[in-house]
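J.: Fold the following and give me the result.
(one chain, ligands or ions: 2)
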Amino acid sequence: MSQQLVLEVSGLRKVFKELVAVDDVSFAIAAGETYGLLGPNGAGKTTSISMACGILERDGGTVRVDGHDLTTSSTTAKAAIGLVPQDLAIYPDLTARENLMFFGRLYDMRAKPLKDRVGEVLAIIGLSDRADDRAGQFSGGMKRRLNIGIGLLHRPRLLVLDEPTVGVDPQSRNAILESVEHLSDEGMAVLYTTHYMEEAERLCDRVGIIDEGLIKAEGTRAQLVSMIGERDRVSLTAEGNIAAAVAALQAAPAVDRASAADGSIVLVVDGARRALPDLLRRASEAGADVTGVDVSEPNLEAVFLHLTGKALRD
Ligand SMILES: Nc1ncnc2c1ncn2[C@@H]1O[C@H](COP(=O)(O)OP(=O)(O)OP(=O)(O)O)[C@@H](O)[C@H]1O
Ligand SMILES: [Mg+2]
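T.: Residues are numbered from 1 along each chain as shown. Ligands and ions are numbered 1, 2, ... in the order given. Model (predicted):
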């Protein structure tokens, strides 16, 4: 990748007594790129990012932030990172604005620029109209958004979000995903951990699939999905001359396999969305009346299952 790398971690390792929480984790994130660590509970996501941010001592591996080596004492490298922890770190008795002002002062931001920045951050996290309400009265999702705002105050080059949508209402969840997309568009590098496949697919330019402290595979969604060689599956509910339709569909260039299964035609297709109009035309010309279409594309959940033999969620 030709863009500047904001974060490079290599060979990260952490052992708690006998438990190897992180075995060997490496990845890199460029400016403007969103990288996802997708894995189930206990996979080693939080432990990995804690080492990447320099808040947890590592037993092995290296971390470079903006080209500078990171140690737990290096302040320059750490200043480039905004960490939004999995557990909330906000004061319930303070308003949203007061929380942001308080943490901004901790970052040594001067009064006037801080006040302006707090206004900007409130807008980014969609809490401008609730700025002067106490955080303790917020919904779970609003608390989470405030937690994210704190991580953004000092305009980090890298934003690290640890499962920011767990236990959040759908409206806040969407607001969180939209702000991450917006920040990424503005050039921020984002490291995003989740066990929600949908979030990884929507947000992340590249995804590292992590399980038992190891990155099992890494790449874009398309690269990961093609790795398991799964094609799209199309099911057509049909009446009429199904046998003729199956033969006609089998001859379509995008179709890998076509078969009939009581009242429906099941197809294995390359690029179902593109091919669908042609498939429907062929079925109709062969004398089948299609009344329903169901397309299932392979996804990261299927990749995870393939790599680990288990589901992402229990
Ligand atoms: N301080 C600690 N002491 C002992 N074991 C720990 C500690 N922190 C984490 N672990 C263990 O290390 C493993 C990885 O934990 P980690 O929190 O990194 O997982 P995770 O992927 O973030 O999971 P989750 O999705 O539940 O947040 C787990 O088995 C966990 O119990
Ligand atoms: Mg975690």
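
J.: which other residues reach whichever strand or helix holds R64?
T.: In this structure, R64 sits in strand 60-65 according to DSSP states H and E. With C-beta atoms under 8 Å, 6 or more residues apart in numbering as the test, strand 60-65 has contacts from 5-13, 25-26, 51-52, 54, 69-70, 77-78, 80-81, 157-158. Placement of C-beta: from N, CA and C, glycine included.

J.: Report the buried members of those residues.
T.: Taking 16 or more other C-beta atoms under 10 Å as the criterion, what is buried in the contacts of strand 60-65 is 5-9, 12-13, 25, 51-52, 54, 70, 77-78, 80-81, 157-158.

J.: Let me see the contact set for the residue nearest to the spatial centre of the chain.
T.: In the chain, the centroid-proximal residue (C-alpha atoms, centre = their mean) is A200; its distance is 2.9 Å. Contacts for A200 were tallied using C-beta under 8 Å, 6+ apart; they are 36, 38, 192, 194, 207, 221, 300.

J.: Could you pull up phi and psi at the fifth one?
T.: When read as degrees, to the nearest 10, the backbone of V207 gives phi -130, psi 140.

J.: number of nearby residues for it?
T.: 30 (other C-beta atoms under 10 Å).

J.: Tell me the bridge partners for it.
T.: G36, G219 (DSSP bridges).

J.: does it really touch G39, like I thought?
T.: No: between V207 and G39 there is no contact under C-beta atoms under 8 Å: 10.0 Å.

J.: thought A189 was touching A31?
T.: Yes: using C-beta under 8 Å, A189 is in contact with A31, at 5.4 Å.

J.: Please say which of those two ends up with more neighbours.
T.: For A189 versus A31, neighbours defined as other C-beta under 10 Å are more numerous around A189 (28 against 16).

J.: how about the more buried one, what does it touch?
T.: Contacts of A189 (C-beta under 8 Å, 6+ apart): 6-7, 29-35, 157-159.

J.: next one: D162
T.: Per C-beta under 8 Å, 6+ apart, neighbours of D162: 45-46, 49, 83-86, 193.

J.: and ligand 2, which of those reach it?
T.: 45-46, 86 (C-beta under 5 Å from the ion).

J.: now, among those, which is nearest to G149?
T.: In terms of C-beta to C-beta, no member of the ones next to ligand 2 among the contacts of D162 lies closer to G149 than Q86, at 16.1 Å.

J.: If L158 is in a bridge, with which residues?
T.: In beta-bridge terms (that is, DSSP bridges), L158 pairs with I81, A189.
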